[in-house]
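1. Turn this into a model:
(2 chains)
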Protein chains: 2
Amino acid sequence: MSSQRPLNQGNRRDPWWNTYSDRAQNLRESEVRSLFSVVSRPEVVSLAGGMPNIKDLPLDKLADSVAELVRQHGAQALQYGQGRGWDPIRRDVCEIMAKEGIDGDYENVVITTGSQQAVDLITQIFVNPGDVILCEAPSYVGSLGIFGAYQADIRHVAMDHDGLLPDALEAAIKQARAEGKAVKFLYTIPNFHNPAGVTQTMERRRAIIEICDRLQVLIVEDNPYGLLGFSGDPLPALQSLNPEGVVYLGSFSKMFAPGYRVGWALAPHAIRDKLVLANESAVLSPSMMSQMTIHAYMQEFDWFAQVQTYRGMYQERRDAMLESLEQYLPICEWTKPSGGFYTWVKLPAGLDAKDMLPRAVTGLVAYVSGTAFYADGQGRDHLRLSYCFPPPDEIREGVRRLAEVVNREKELVDLFGGVELTPVQGLKVDAPDAPRSQYPAQDKD
Amino acid sequence: MSSQRPLNQGNRRDPWWNTYSDRAQNLRESEVRSLFSVVSRPEVVSLAGGMPNIKDLPLDKLADSVAELVRQHGAQALQYGQGRGWDPIRRDVCEIMAKEGIDGDYENVVITTGSQQAVDLITQIFVNPGDVILCEAPSYVGSLGIFGAYQADIRHVAMDHDGLLPDALEAAIKQARAEGKAVKFLYTIPNFHNPAGVTQTMERRRAIIEICDRLQVLIVEDNPYGLLGFSGDPLPALQSLNPEGVVYLGSFSKMFAPGYRVGWALAPHAIRDKLVLANESAVLSPSMMSQMTIHAYMQEFDWFAQVQTYRGMYQERRDAMLESLEQYLPICEWTKPSGGFYTWVKLPAGLDAKDMLPRAVTGLVAYVSGTAFYADGQGRDHLRLSYCFPPPDEIREGVRRLAEVVNREKELVDLFGGVELTPVQGLKVDAPDAPRSQYPAQDKD
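-> Residues are numbered from 1 along each chain as shown, chains lettered A, B, ... in the order given. Sure, this is the predicted structure:
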């Protein structure tokens, strides 16, 4: 507690240096964000970012649509709204979620400033410092940042190419409780996982729901990429399997565009109430202009046709990524995503993704080191490649450049010996059925 | 700490009832928000809300402007941006602040999702549970809600018609420190105070800056109404008097429109860095579409002429409010705002603004009870009237209806005796120079 600290004495660079909250000490620039300045140089092929490719949106029609909105309903769109969000878009959201088997009541939807803010709000209303949040190993860097800022005890649960391992999950819950810890929720990304690129099978979903229901652990299901699968219908959302035990988070950022910052949470009623209060406290109300613009888009455009266009475009890029990995980087292993934006690449033994990054950027290609996706320093043997933003030719060129860097690195390691990787810690010791490696990369075929 | 609580046992209405964070227990519906449903009935004249009147914005031109933006720069406007905000609007903000004597570097500006979120972020990075925040008595309900949610020890400092009382401020800082408490910042609204309707004089500003500088207390200067003064130039912002000791918060909500949810903080460099990290953690980046739309507005429209139009319109409403208070409610006292949206009305002895509210709504007029603006239950003897949204005739009718309710209440009190008001607690006991009453209402002339 800062009340125990000495009175502010300040220093020359920051007179307020010793008055910050404990929470502020936990705010760190993410490894993804800190790449922004180098990655935005045009000569660098960035396989690092998670920006959707929205170049093909029908801008002329969108322009006409928003102009009409401002002309006809400007006084409403320019005004404050309500903390829970605007009812018509809460209903739109239910229509979207129905595609994944969710029978949601719009009254239980809260509109947020991007689904990032939904993660923030749900963490805020559940987590005291020291409380446990379970998440996959690896997990989404943006959520790990939030959990860290709330001083959560983040515990990674092993996964394989079928998603989170049920036995490891059950062991982690029991272990934390045996330590006297409160387990506040499981945070999981069931579809086209960021960064791992894998999807929970139906069997896994049922097992995870059963464990969390039996042991009374809330599930936070983060599903920004849910509709961006490349084949077949999406699997049923966890929420659809146990509506009272799951908070579902969705977003317009990938199925439409991120520039409006509109996401949502569907929550059991009592949790919904608290989320609304937290939302009002944070921003009074989400942007009416953003909500009404997206509602107009949902009404006037064939939004699902746009999603299908996105699917085809991302599938082509995924194919370019996997083909060029086959061609240029056979010494690595990687996952084969069936949707979404990312593949998770395992480096040959002895290579260190974090140490290698400056040399990759010098070689004019960028990725994100696997360490970004762990709260505990793991992940040096992995990197995340994204295929969402660059066009296929750039993806191929990027992977070719990456291969040069990796191969050079490999030669050095073979000559001089590699880095000593910290052995993977944590759950596997306690989880009898957990796999040997933290994240066994899929077979390359 | 929740880790000491029993394992979740749940109940039928909320299976998660005993798993919420301590912070969630402090989230409450504000008295302003809870009025929304009654106040939105068309037959009620609402003198309760703080919605700006934006009906006269040039919607057709705005429509053309945003359409052009989407056509020409849609791919950028629909994309993610950076956590600190978009550089062109950070520069616009400096141009606005220059009107109040602020010589700000755009690099020290952080764009937020409304200035409400700026209050949230600044509280987040400074306040641990139990830390002291000083604010005026009364203070803005939305900020009090945030401070409460962060479990701050909120201490109200007395003010009069010239603003915060310097002696009471110094006494409050010393008292808190004598108790071993960390005083994290003074939160103050120097111009056209919400709800008090008063403005800090230049002399007070200098005294407040001197005290906070000498005692090393950060100032958070919240100034959403700063440019909406009815006569003369605005007084210099506190920030302009001590840039290293003040975080300045501004907003487009009142000088343009709230529907985009764009506000900002100008902060000393090191604090700025932490605000950016906190902003990224909360929402990744503020809405590019909102920022670019407002930038286009700043470029293509005479924004300052619009501010002057707003001034004239609000001044006319302020006049209608004060004239009808003179006419119908001579048994009350009230402040005479020289800008902004609100007047603060003191009821005759024995009347209780909170108890009276249901009868006022039955009489088809709404206000906000003074209790909303205190963290400690004070304020029953005051109410806030806003003149921003209803047109002048409605304001007059609203005050007429309010007078009927007040007069009837007064008759009852005179007949049967009034409520027993809790004596004002807190600082005055320890502050030798503090005034006798918590908020001495101004003389009616």
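
2. Determine whether any part of the host helix or strand of residue A:281 lies close to chain B.
-> Take DSSP states H and E as the rule and residue A:281 turns out to sit in helix A:269-283. Yes: Helix A:269-283 is in contact with chain B by Cβ under 8 Å from any Cβ of the partner chain, via A:269, A:270, A:271, A:274, A:277, A:278, A:280, A:281, A:282, A:283. For glycine as for every other residue, the C-beta is placed from the backbone atoms N, C-alpha and C.

3. Return the set of buried residues in the helix or strand just after that helix.
-> Downstream of helix A:269-283, the next assigned helix or strand under DSSP H and E is helix A:288-300. Residues of helix A:288-300 classed as buried by neighbour count (16 or more other Cβ atoms under 10 Å in any protein chain shown): A:288, A:289, A:290, A:291, A:292, A:293, A:294, A:295, A:296, A:297, A:298.

4. How about stretch A:107-127?
-> A:108-127.

5. that older thread, near chain B, list only the ones from the buried residues of helix A:288-300.
-> A:288, A:289, A:290, A:293.

6. before we move on, the earlier item: would you list the residues of helix A:269-283 next to chain B in a markdown table and tack on neighbour count and pLDDT?
-> Shown next, in a markdown table, are the residues of helix A:269-283 next to chain B (neighbours: other Cβ atoms under 10 Å in any protein chain shown; pLDDT from 0 to 100):
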| residue | neighbour count | pLDDT |
| --- | --- | --- |
| A:269 | 12 | 94 |
| A:270 | 17 | 92 |
| A:271 | 26 | 95 |
| A:274 | 23 | 95 |
| A:277 | 23 | 94 |
| A:278 | 25 | 95 |
| A:280 | 22 | 93 |
| A:281 | 29 | 92 |
| A:282 | 28 | 93 |
| A:283 | 25 | 93 |
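
7. could you pull out the strands for chain A?
-> With strands called from DSSP state E, chain A shows them at A:45-46, A:109-112, A:132-137, A:153-160, A:163-164, A:183-188, A:218-222, A:246-251, A:263-266, A:333-334, A:342-346, A:365-366, A:368-369, A:382-386.

8. Mind giving me the packing neighbours of the helix holding residue A:281?
-> strand A:109-112, helix A:114-126, helix B:114-126, helix B:141-149 (3 or more Cβ pairs under 8 Å, 6 or more residues apart in numbering or on different chains; DSSP states H and E).

9. Would you mind checking the average pLDDT for the third one?
-> What that stands for is helix B:114-126. Helix B:114-126 comes out with an average pLDDT of 96.

10. how about it, does it reach chain A?
-> Yes: using Cβ under 8 Å from any Cβ, helix B:114-126 reaches chain A at B:114, B:116, B:117, B:120, B:124, B:125, B:126.

11. Buried residues in stretch A:226-244, which are they?
-> For stretch A:226-244, by 16+ other Cβ under 10 Å, it's A:226-230, A:234-235, A:237-244.

12. Might you calculate how far that stretch sits from the centre of the chain?
-> Its chain's C-alpha centre and that of stretch A:226-244 lie 16 Å apart, by Cα atoms, centre = their mean, to the nearest Å.

13. Is stretch A:139-155 in proximity to chain B?
-> Yes: residues of stretch A:139-155 contacting chain B under Cβ under 8 Å from any Cβ: A:142, A:145, A:146, A:149.

14. from these, which is closest to residue A:211?
-> residue A:146 (24.0 Å; Cβ to Cβ).

15. got any ranges where the stretch 151-300 of chain A has weak pLDDT?
-> Judged against pLDDT under 70, the stretch 151-300 of chain A has no low-scoring part.

16. Chain B contacts on that one?
-> Counting by Cβ under 8 Å from any Cβ, the stretch 151-300 of chain A sits next to chain B at A:177, A:180-182, A:184, A:216, A:218, A:244-245, A:253, A:257-261, A:268-271, A:274, A:277-278, A:280-290, A:293.

17. Not counting its own residues, what contacts stretch A:120-130?
-> Identification of contacts with stretch A:120-130 by Cβ atoms under 8 Å, 6 or more residues apart in numbering or on different chains yields A:22, A:110, A:112, A:133, A:146-147, A:150-153, A:181-182, A:184-185, A:218, A:220, A:247, A:249, A:265, A:267, A:271, A:274-275, A:278-279, A:282, B:1-3, B:16, B:19-24, B:27, B:281-283.

18. Would you state the helices of the stretch 301-445 of chain A in chain order?
-> Per DSSP state H, counting those that start in this stretch, the stretch 301-445 of chain A carries helices over the ranges A:303-328, A:353-362, A:392-416, A:427-430.

19. and chain B, which of those is closest to it?
-> helix A:303-328 (12.3 Å; Cβ to the nearest Cβ).

20. Adding distance to residue B:393 as columns, could you present the helices and strands packed on helix A:269-283 in JSON lines?
-> Formatted as JSON lines, those follow (distance: least, Cβ to Cβ, whole Å):
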{"stretch": "strand A:109-112", "distance to residue B:393": "35"}
{"stretch": "helix A:114-126", "distance to residue B:393": "41"}
{"stretch": "helix B:114-126", "distance to residue B:393": "31"}
{"stretch": "helix B:141-149", "distance to residue B:393": "27"}
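
21. Could you pull up the residues touching the nearest residue to residue A:337 once chain neighbours are set aside?
-> Distance criterion Cβ to Cβ, 6 or more residues apart in numbering or on different chains; nearest residue to residue A:337, sequence neighbours excluded, is residue A:197 at 3.6 Å. By Cβ under 8 Å, 6+ apart, the residues touching residue A:197 are A:334, A:335, A:336, A:337, A:340, A:342, A:343, A:344.

22. mind putting the strands of chain A in TSV, distance to residue A:74 included?
-> Formatted as TSV, those follow (distance: least, Cβ to Cβ, whole Å):
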stretch	distance to residue A:74
strand A:45-46	38
strand A:109-112	20
strand A:132-137	42
strand A:153-160	44
strand A:163-164	46
strand A:183-188	39
strand A:218-222	34
strand A:246-251	26
strand A:263-266	24
strand A:333-334	49
strand A:342-346	39
strand A:365-366	42
strand A:368-369	41
strand A:382-386	38
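
23. What's the separation between the residue of the stretch 301-445 of chain A found nearest chain B and residue A:69?
-> The stretch 301-445 of chain A approaches chain B most closely through residue A:389 (9.7 Å), counting by Cβ to the nearest Cβ. Counting by Cβ to Cβ, to the nearest Å, the gap from residue A:389 to residue A:69 is 28 Å.

24. where's the closest residue to residue A:375 other than its chain neighbours relative to residue A:238, distance?
-> Nearest residue to residue A:375 in three dimensions, chain neighbours excluded: residue A:154, at 3.9 Å (Cβ to Cβ, 6+ apart). The spacing between residue A:154 and residue A:238, counted by Cβ to Cβ, is 20 Å.

25. just residue A:293 next, same as before
-> 30 Å.

26. Tell me who's in contact with residue A:289.
-> A:77, A:78, B:259, B:260, B:289, B:290, B:293.

27. Pick out the most distant pair among those residues.
-> Spatial extent of the contacts of residue A:289 (Cβ to Cβ) is set by the pair A:78 and B:289 at 13.6 Å.

28. Residue B:371: which of the buried residues of helix A:288-300 is nearest?
-> For those, the residue nearest residue B:371 by Cβ to Cβ is residue A:288; the value is 28.7 Å.
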